[in-house]
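J.: coords please:
(2 chains)
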Amino acid sequence: MDLNEVKRLRMEALDARVKLIREIASFGQGHIGGSMSVVELLTYLYYHEMKIDPKRPDWAERDRLVLSKGHSGPALYAILAKKGYFDESLLSTLNQGGTRLPSHADMTKTPGIDFTAGSLGQGFSAAVGIALGQRLKKYDAYTYTVVGDGESQEGEVWEAAEAAGAWKLGNLIGFTDVNGQQLDDYTDNIIPMHHLKERYETFGWHAVEVANGHDFNQLEAAIKEAKSVTDKPSMIILHTIKSYGYIPGEGVKANHSMQISKEKAEEAIEALFAREEERE
Amino acid sequence: MRDTSTFENYKDAVVAAMIDLGREHDDVVVMDADLSSCIGSTAFQKEFPERFYNVGIAEANMAAVAGGLSSVGLTPIIHSFGCFASRRMYDQLFISVGYAHRTVHVIGSDPGITAQYNGGTHMPFEDIALMRQIPGMIIYEPSDARSLYSLMIQAYESGKSSYLRTPRKGVIHRYGEDVEIRLGKAITARQGDDVTIVATGAYLVDQALKAAESLAGKGVGARVIDLHTIRPLDEETILKAAKETGRMLICENGRYAGGTGEMISAVLLKAGVPCKVDFVNVGERFGEVGSLDYLATTFGFKAENIEAKALALVK
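T.: Got it, this is the predicted structure:
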C-alpha cells in the first residue's frame, strides 16, 4: 500500500476513535475495549476494501459485514456515520431511549448494519447464511464477519465454522479479534483460545495470522491472501490490543465496558493525539 | 390446488408443499439438520439440489444461518424434530429470526406424544409456549392432510415467520373441497350447543369428535372446534362458541403453562364472557416412551377422558 494511503487510513481511524470515544461518553459508559480493538479493521474494510454504497444501504449486491461481536457496535456506528450512512449527530444518541444506535448492532434500527448481533455466536452463523445466499444468488460479493476471541468459546462459532468449511464458502472472510480479554478477565485466565489458526485449518478454512491487527499493511496483505483462496472460507486472526487508543483502558483488566465522562473523554482524546504526534 | 387425497403420510403433504412452493418461488430454500430422510425433504433436494442444505447435527446454527439467508432475499423452510426445532434453537429463532425481523418457516415434526418411541427427550410439550414468546410468529397445527398442505402454502404467502407442529407418520383425510381452510380461521368440525371442545392437531381433533359422538348419545350437544391455527387466534369463533355454549374444554398435545388453554382462558376473561373452562394437556409432566395409544391413555388424551371432562362441565 502506498504511504499516502496508509496515512489517509490512519487519519480516518484516528478520527473514528475520537468520534467513538465521544459517542460512548455521550451516554457515560459503554463497550469501549472491544470497540477500540477493531477500529483499524473496520476503517480498512469500509474505506479501502468493501464494495458498498452508503446511499444505498439495501443494495442487494453489496459486500456485507456482520459484526458478530455485536457489542462493538459503537465502533461500527462511528465508521458508518463518517461514511454518510446517517447523520453524525446521531452518535450522541447512543443507548438513549428510542435511539437508532443501540449498544448491540441491530439491522432493524441502523442503516448500514447488515445483521443483528448481540447473542454471541449467532452473527457468525448468520454471516455463513449470507455468504451462502450471495453464492446462490450469483452475486459477485463478499461477506465479512468479525468474531471475538472470547466469543469463540461459544459452541455455535464452531458449528458455523464446520458448515462454512464444508460448503467451501470462498466469499466468506472472517476475522477473529484476539484482544486477549473478555468481560471477566484475560481470556487465558478463563478458557484459553489458542491455536485458532490450526483450529480453522482443521475445519476446512484458509487461515492467516496477523501479528498486529492495528497495522494497515498487515491487514491488506492478509485480506489479499484470503481473496486469492476461492475454494475455502478464510479466517484472519488479528492480534489486537483491547481498548487500543483509549489510553486509560489500555492494559487494564476491567476494560470491557467502562464509565467515561465527557471530561475524561476529552483528556483521553488529547493524550491520544499527543501519542500519535510522537509516532509521526 | 394439488390433490391431497393421495398422501399416505403427513410428511407427504409437507414435502409436496415444499416442492410446490419451490417450483413457484425461486426464493424458497429448504434446510435440515440430519433429519432430512425422516421428513422426506430429500425429494426437494433431488429437484432443487442448489436450494437444499443439510447443516448436520447443529440445529442452532441452522436457525441463525436461515436468518442470514433471509437477509439476502431467500425464504428458508427449516426442519427438525419439534424438540430440537424449539428448545435447541430457541435463542437463534428469537434473536436471528424474530428480533432481526427475518422470515423463516420452521417445521417441528412429531409434536408431543406423536414422538412415541423416541421418548421423553424427543417429546416437545413446551414448543407452543416458547413460540408464543416470539412476537409475530405464526403457530399452527393442522389436523389433516389437506389443511396441512394448504396452511403451509398460506404460511409462506403471509410473509411472516411460522412454526408448524405436525406428525410425520400416519394420515387423516378429514376435509374435502367444501371446507374452507384459512390460516387464522378455526374450523367448526361439529355443531353443538351444550359444550365446546377445542382441539389442536390430528390426534386430539379425532378424539374430540369421537367424544362428541358419544356425548350426543347421552343427549349432550358438543361443538368441536379444530383450532389449526394457534396464533393468530381466531377469537371470533372462540368467543361465539363460549357465548353460545357457556362451557369449554380446551385440548392440546402440550403443556398447560403458556399453552393454548391458558391463552384462550385469558381471552375469555378479558372479553368478560362467562364460561366454565377445563383442560386436557400434560400439565406439569415430562414425556416418556411408548405407543401413541399408551401415551394418549397416560396423559388423558383419549376420547373417554375428553367425554368425562366435558360431561363434568355440563353438570
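J.: check which helix or strand A:Ala131 maps to.
T.: Assessed by DSSP states H and E, A:Ala131 sits inside helix A:122-136.
J.: and the helix or strand that that helix is followed by, what does it pack onto?
T.: Where DSSP H and E defines the elements, the next helix or strand beyond helix A:122-136 is strand A:143-148. Packed against strand A:143-148, as judged by 3 or more Cβ pairs under 8 Å, 6 or more residues apart in numbering or on different chains; DSSP states H and E, are the following elements: strand A:64-67, helix A:122-136, strand A:172-178. The C-beta positions use only the backbone N, C-alpha and C, and glycine is treated the same way.
J.: contacts for the next helix or strand after the shortest one?
T.: What it means is strand A:64-67. Proceeding C-terminally, strand A:64-67 gives way to helix A:73-83 as the next helix or strand, assigned by DSSP H and E. For helix A:73-83, the surrounding residues in contact (Cβ atoms under 8 Å, 6 or more residues apart in numbering or on different chains) are A:12, A:15-17, A:19-20, A:23-24, A:30-32, A:35-36, A:38-39, A:42-43, A:46-47, A:52, A:54, A:65, A:67, A:86-88, A:90-91, A:94, A:101-106, A:110-113.
J.: what's the answer for stretch A:98-106, then?
T.: By Cβ under 8 Å, 6+ apart, the residues outside stretch A:98-106 that reach it are A:23, A:30-31, A:67, A:70-74, A:76-77, A:86, A:90-91, A:93-95, A:109-110, A:113, A:115-118, B:100.
J.: pull out the buried members of the residues you listed.
T.: Buried residues within the contacts of stretch A:98-106, defined by neighbour count using 16 or more other Cβ atoms under 10 Å in any protein chain shown: A:23, A:30-31, A:67, A:70-74, A:76-77, A:86, A:90-91, A:93-95, A:110, A:113, A:115-118, B:100.
J.: near chain B, which residues of chain A are found?
T.: For chain A, the residues in contact with chain B (Cβ under 8 Å from any Cβ of the partner chain) are A:60, A:66, A:106-108, A:114-116, A:118-119, A:121-123, A:125-134, A:136-137, A:139, A:155-156, A:159-160, A:162-163, A:166-167.
J.: ok, and the closest non-adjacent residue to the residue of the stretch 51-200 of chain B found nearest chain A?
T.: For the stretch 51-200 of chain B, the residue closest to chain A is B:Gly68, as judged by Cβ to the nearest Cβ, at 2.3 Å. In space, not counting the residues next to it along the chain, B:Gly68 is nearest to A:Gly129; the distance is 2.3 Å by Cβ to Cβ, 6 or more residues apart in numbering or on different chains.
J.: just to check, that neighbour is in contact with B:Val65?
T.: Yes. A contact is recorded between A:Gly129 and B:Val65 when judged using Cβ atoms under 8 Å, the distance being 3.8 Å.
J.: in which helix or strand would I find A:Glu159?
T.: Take DSSP H and E as the rule and A:Glu159 turns out to sit in helix A:155-166.
J.: packing partners for that helix?
T.: helix A:122-136, helix B:59-70.
J.: can you list those in JSON lines and add distance to B:Arg51, mean pLDDT and mean neighbour count?
T.: Supplementary listing: the helices and strands packed on helix A:155-166 in JSON lines, determined by distance: least, Cβ to Cβ, whole Å; pLDDT from 0 to 100; neighbours: other Cβ atoms under 10 Å in any protein chain shown:
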{"stretch": "helix A:122-136", "distance to B:Arg51": "7", "mean pLDDT": "98", "mean neighbour count": "30"}
{"stretch": "helix B:59-70", "distance to B:Arg51": "10", "mean pLDDT": "98", "mean neighbour count": "31"}
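J.: nearest to B:Met137, of those helices?
T.: helix B:59-70 (12.4 Å; Cβ to Cβ).
J.: re the thing from before, among the contacts of helix A:73-83, which ones are buried?
T.: In the contacts of helix A:73-83, burial by neighbour count holds for A:12, A:16-17, A:19-20, A:23-24, A:30-32, A:35-36, A:38-39, A:42-43, A:46-47, A:52, A:54, A:65, A:67, A:86, A:90-91, A:94, A:101-106, A:110-113, counting by 16+ other Cβ under 10 Å.
J.: strands - which of these land there?
T.: Judged by DSSP state E, the buried ones among the contacts of helix A:73-83 include A:Gly30, A:Leu65, A:Leu67 as members of strands.
J.: could you find the closest non-adjacent residue to the first one?
T.: Counting by Cβ to Cβ, 6+ apart, A:Ile24 is the residue found nearest to A:Gly30 once chain neighbours are left out, at 3.8 Å.
J.: run a quick check on B:Phe8 versus B:Ile172, I expect a contact.
T.: In this structure residue B:8 is Glu, not Phe. No. Contact status for B:Glu8 versus B:Ile172: not in contact, 11.4 Å apart, counting by Cβ under 8 Å.
J.: who's more crowded, these two?
T.: Higher neighbour count among B:Glu8 and B:Ile172: B:Ile172, with 18 against 11, using other Cβ atoms under 10 Å in any protein chain shown.
J.: residues in chain B within reach of chain A, list them.
T.: Taking Cβ under 8 Å from any Cβ as the measure of proximity, chain B contacts chain A at B:29, B:50-51, B:53, B:55-56, B:58, B:60-61, B:63-74, B:91-92, B:95-96, B:99-101.
J.: separation between the closest residue to chain B within the stretch 51-200 of chain A and A:Phe273?
T.: As assessed by Cβ to the nearest Cβ, chain B sits closest to A:Gly129 within the stretch 51-200 of chain A, at 2.3 Å. Distance check for A:Gly129 against A:Phe273: by Cβ to Cβ, to the nearest Å, it reads 42 Å.
J.: in chain A, where's the longest helix?
T.: With DSSP state H setting the assignment, residue counts place helix A:3-27 as the longest helix in chain A.
J.: chain center to that one: distance?
T.: Here the centre of helix A:3-27 is set off from its chain's centre by 14 Å, with Cα atoms, centre = their mean, to the nearest Å.
J.: next one: stretch A:271-279
T.: Between the mean C-alpha position of stretch A:271-279 and that of its chain there is a distance of 23 Å (Cα atoms, centre = their mean).
J.: what do you get for stretch B:229-242?
T.: Relative to the centre of its chain, stretch B:229-242 is centred 15 Å away, using Cα atoms, centre = their mean.
J.: what's the end-to-end length of it?
T.: Between the opening and closing residues of stretch B:229-242 lies a distance of 18 Å (Cα to Cα, to the nearest Å).
J.: quick check: the gap between B:Ser147 and A:Val157.
T.: Look at B:Ser147 and A:Val157: by Cβ to Cβ, they are 40 Å apart.
J.: same question for A:Arg279.
T.: In this view, A:Arg279 and A:Val157 are 35 Å apart by Cβ to Cβ.
J.: looking at these two, which has the bigger crowd around it?
T.: Between A:Arg279 and A:Val157, counting by other Cβ under 10 Å, A:Val157 is the more crowded of the two (23 against 7).
J.: list the contacts for the more buried one?
T.: With contact taken as Cβ under 8 Å, 6+ apart, A:Val157 is in contact with A:Gly121, A:Phe124, A:Val147, A:Glu151.
J.: and these, which of them are buried?
T.: Buried positions within the contacts of A:Val157, assessed by neighbour count (16+ other Cβ under 10 Å), are A:Gly121, A:Phe124, A:Val147, A:Glu151.
J.: the second one reaches A:Ser68, doesn't it?
T.: This points to A:Phe124. Yes. With contacts counted by Cβ under 8 Å, A:Phe124 reaches A:Ser68, the gap being 4.5 Å.
J.: now the common contact residues for the two.
T.: Applying Cβ under 8 Å, 6+ apart, one finds that A:Phe124 and A:Ser68 are jointly contacted by A:Thr145, A:Val147, A:Glu151.
J.: bridged to the second one, which residues?
T.: Beta-bridge partners of A:Val147, counted by DSSP bridges, are A:Thr176.
J.: quick check: it touching A:Gly123?
T.: Yes. A:Val147 sits in contact with A:Gly123 when judged by Cβ under 8 Å, with a separation of 7.4 Å.
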